[in-house]
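Q: I'll drop the sequence and a predicted model, then ask my questions.
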Amino acid sequence: MLRPLLPPYGNSRPDPPYNRRVLRRGKVSLVLVLALLLSNAGLAVRQAAWLSPPRVIASGVEYFTSTDRSLVEPPGPTAVFLLKLDPRRVRLESALSNDEVMGAESVDALALRRRALAAINGGFFNTRTGEPISLLKVQGQIVSDNAATKGAVVIQSPARGRTELWFDQIAVKLSMKFKAAGREHVVPIDGVDTTRERGKLMMFTPFYHADTDTALNGTEWTLDGKPLKVKDVRPNQGHTPIPRTGAVLSYGGLALPDALSALAPGITVTLENTWKTLNGLSPKQLDRADAIVNGAGLLMLRGTVPANWESGEALNPANFINMRHPRTLIGVDRGGFIWLAAIDGRQPEYSVGMTFGDLLRLCDRLDLTDALNLDGGGSTTMVVNGRIVNKPSDATGPRPVSDAILVSLR
């Protein structure tokens with residue numbers, strides 16, 4: 001008959017030295033496990049202590065607030081509003097006020113009209129006309145160009161798949177090519193969807209307005225079709241209707257340059273983008289992007305701080321970089337989640353605003369690898385479920401803006 005297997009010392013109980021070794025080993029292991037658990041718990045507490053508990057707005061969308069005075073240096077009253085977005089579950093898009101460049105609209109009105117789940121204000125703009133003043137691409141179309149590099153976020157958000165954000169400091173200018181009388185002409189375009197100036201050639205897209213809103217003292221060319229062809233030349237008329245599938249070229253002044261004098265009906269026109277980036281994004285990525293939104297201050301890029309805000313973006317340290325203002329931020333954390341932030345300011349008893357140094361402290365708390373400072377000041381607005389959740393600084397209420405970044409569910 002087989003006997004049961006016995007411990008090494010020939011009885012059913014290990015001898016005392018063996019038992020003590022096991023107990024000591026077990027105690028050490030237990031202490032290590034408990035220490036690790038307590039350490040992780042402490043880390044979680046430190047990470048979460050400055051944030052409110054998350055409020056789930058929808059699957060993949062969480063809302064947080066913070067009033068942690070240590071976010072700013074020296075410490076002071078602070079009000080921060082944050083959205084954490086799962087890029088697999090949400091879509092982001094750039095949207096124009098009133099669906100056109102002319103005029104402005106508050107972020108809450110824009111979000112309501114477009115039935116967005118959430119929204120923040122977007123790029124910098126002319127508060128008098130509502131026109132963007134730096135690079136802006138909407139629905140795949142450049143509606144504002146810029147010759148100087150500025151921080152920008154590039155959005156690729158397909159109907160299916162994953163939303164992707166890329167960050168860089170970017171400039172873009174457009175030009176026009178055409179052949180006439182056997183000669184090829186290349187003519188720079190001085191501005192897109194903006195007020196025409198004397199001696200300048202502008203291009204107006206269908207996103208601008210129903211017409212060019214121009215005065216009589218100039219010449220305008222209607223472009224339409226695939227490929228684009230000159231359909232009509234309109235001297236000294238202004239207010240040229242913009243075809244939905246084309247564009248209008250508009251020159252301010254009565255005497256045309258030689259190249260533009262040769263631009264006649266029936267001529268095929270090619271439009272080209274010339275991109276400049278400081279951090280390696282390719283023209284191909286920028287050409288195919290759904291949207292590009294300008295900012296001022298690329299705060300984080302692939303885990304590092306660019307810190308070339310003065311030389312690369314011509315930002316003023318005294319009144320912009322190192323001064324506290326209301327701020328709006330977009331970024332991506334180490335786990336791939338997208339963060340939107342609105343930081344109130346210019347209200348000393350409630351929230352003092354942030355400098356770039358304070359914004360970098362916020363980026364560190366959120367573990368952001370990439371981040372951009374968007375338009376701020378009185379424009380800073382965050383909307384969640386149709387309601388403005390922050391407190392914009394303008395005494396008159398939420399400021400009408402040129403564009404916003406909208407959040408919707410897939």
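A: Sure thing, it's come through.
Q: what's the end-to-end length of stretch 68-87?
A: 27 Å (Cα to Cα, to the nearest Å).
Q: centre of the chain to that stretch, how far?
A: 18 Å (Cα atoms, centre = their mean, to the nearest Å).
Q: then stretch 134-143?
A: 12 Å.
Q: and it, C-alpha only, in PDB?
A: The C-alpha coordinates for stretch 134-143 follow below in PDB (Å, rounded to 0.1, in the frame of the first residue of the first chain):
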ATOM      1  CA  SER A 134      -3.900  83.100 -37.100                       C
ATOM      2  CA  LEU A 135      -4.000  79.600 -38.700                       C
ATOM      3  CA  LEU A 136      -7.400  78.000 -38.600                       C
ATOM      4  CA  LYS A 137      -8.600  74.900 -40.600                       C
ATOM      5  CA  VAL A 138     -12.200  73.800 -40.400                       C
ATOM      6  CA  GLN A 139     -13.700  70.800 -42.100                       C
ATOM      7  CA  GLY A 140     -10.500  70.300 -44.000                       C
ATOM      8  CA  GLN A 141     -10.500  73.900 -45.400                       C
ATOM      9  CA  ILE A 142      -8.000  76.600 -44.400                       C
ATOM     10  CA  VAL A 143     -10.000  79.700 -43.500                       C
END
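Q: so which bits of that stretch are buried?
A: Residues of stretch 134-143 classed as buried: 134-138, 142-143 (neighbour count, 16 or more other Cβ atoms under 10 Å). In this view, the C-beta of every residue, glycine as well, is placed from N, C-alpha and C.
Q: can you put those residues in JSON lines and add distance to residue 249?
A: Below are the buried residues of stretch 134-143 laid out as JSON lines (distance: Cβ to Cβ, whole Å):
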{"residue": "134", "distance to residue 249": "22"}
{"residue": "135", "distance to residue 249": "20"}
{"residue": "136", "distance to residue 249": "20"}
{"residue": "137", "distance to residue 249": "20"}
{"residue": "138", "distance to residue 249": "20"}
{"residue": "142", "distance to residue 249": "15"}
{"residue": "143", "distance to residue 249": "15"}
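Q: closest one of those to residue 378?
A: residue 134 (17.8 Å; Cβ to Cβ).
Q: count the neighbours of the residue nearest to the closest one when sequence neighbours are not counted for me.
A: Sequence neighbours aside, residue 294 is the residue nearest to residue 134 in space, at 3.7 Å (criterion: Cβ to Cβ, 6 or more residues apart in numbering). Using other Cβ atoms under 10 Å, residue 294 is surrounded by 25 other residues.
Q: ditto for residue 184
A: For residue 184, the neighbour count with other Cβ under 10 Å is 8.
Q: next SSE after the longest strand along the chain?
A: Counting residues, the longest strand found in the chain (DSSP state E) is strand 164-180. Downstream of strand 164-180, the first helix or strand assigned by DSSP states H and E is strand 183-189.
Q: so for the chain, the centremost residue is which one?
A: residue 153 (4.3 Å; Cα atoms, centre = their mean).
Q: so where do the strands sit in the stretch 151-300 of the chain?
A: Along the stretch 151-300 of the chain, counting by DSSP state E, counting those that start in this stretch, strands occupy 164-180, 183-189, 191-192, 201-204, 218-224, 229-235, 247-252, 270-277, 291-294, 298-300.
Q: tabulate those in CSV, adding columns for mean pLDDT.
A: Converted to CSV, the strands of the stretch 151-300 of the chain look like this (pLDDT from 0 to 100):
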stretch, mean pLDDT
strand 164-180, 98
strand 183-189, 97
strand 191-192, 98
strand 201-204, 98
strand 218-224, 98
strand 229-235, 97
strand 247-252, 98
strand 270-277, 98
strand 291-294, 98
strand 298-300, 98
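Q: can you put those strands in JSON lines and add distance to residue 382?
A: Output for those, formatted as JSON lines (distance: least, Cβ to Cβ, whole Å):
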{"stretch": "strand 164-180", "distance to residue 382": "18"}
{"stretch": "strand 183-189", "distance to residue 382": "35"}
{"stretch": "strand 191-192", "distance to residue 382": "29"}
{"stretch": "strand 201-204", "distance to residue 382": "32"}
{"stretch": "strand 218-224", "distance to residue 382": "39"}
{"stretch": "strand 229-235", "distance to residue 382": "44"}
{"stretch": "strand 247-252", "distance to residue 382": "34"}
{"stretch": "strand 270-277", "distance to residue 382": "29"}
{"stretch": "strand 291-294", "distance to residue 382": "15"}
{"stretch": "strand 298-300", "distance to residue 382": "18"}
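Q: so, low pLDDT: which residues of this structure?
A: Applying pLDDT under 70 to the chain flags residues 1-48.
Q: how is it divided into domains?
A: Per automatic domain parsing, the domain ranges recorded for the chain read 15-49, 59-168+278-409, 182-261.
Q: of those, give the one that comes closest to residue 174.
A: domain 182-261 (4.2 Å).
Q: figure out how far that closest one is from the centre of its chain.
A: 30 Å.
Q: now do the end-to-end distance for stretch 381-394.
A: 11 Å.
Q: can you list the buried residues in it?
A: Residues of stretch 381-394 classed as buried: 381-384, 388-393 (neighbour count, 16+ other Cβ under 10 Å).
Q: which members of those residues occur in strands, if any?
A: Per DSSP E, the buried residues of stretch 381-394 map to strands at 382-384, 388.
Q: for the residues you listed, which one is nearest residue 56?
A: The nearest one, if we look at those relative to residue 56 and count by Cβ to Cβ, is residue 384, at 11.6 Å.
Q: residue contacts, that closest one?
A: Residue 384 sits next to 57, 63, 83, 117-118 when contact means Cβ atoms under 8 Å, 6 or more residues apart in numbering.
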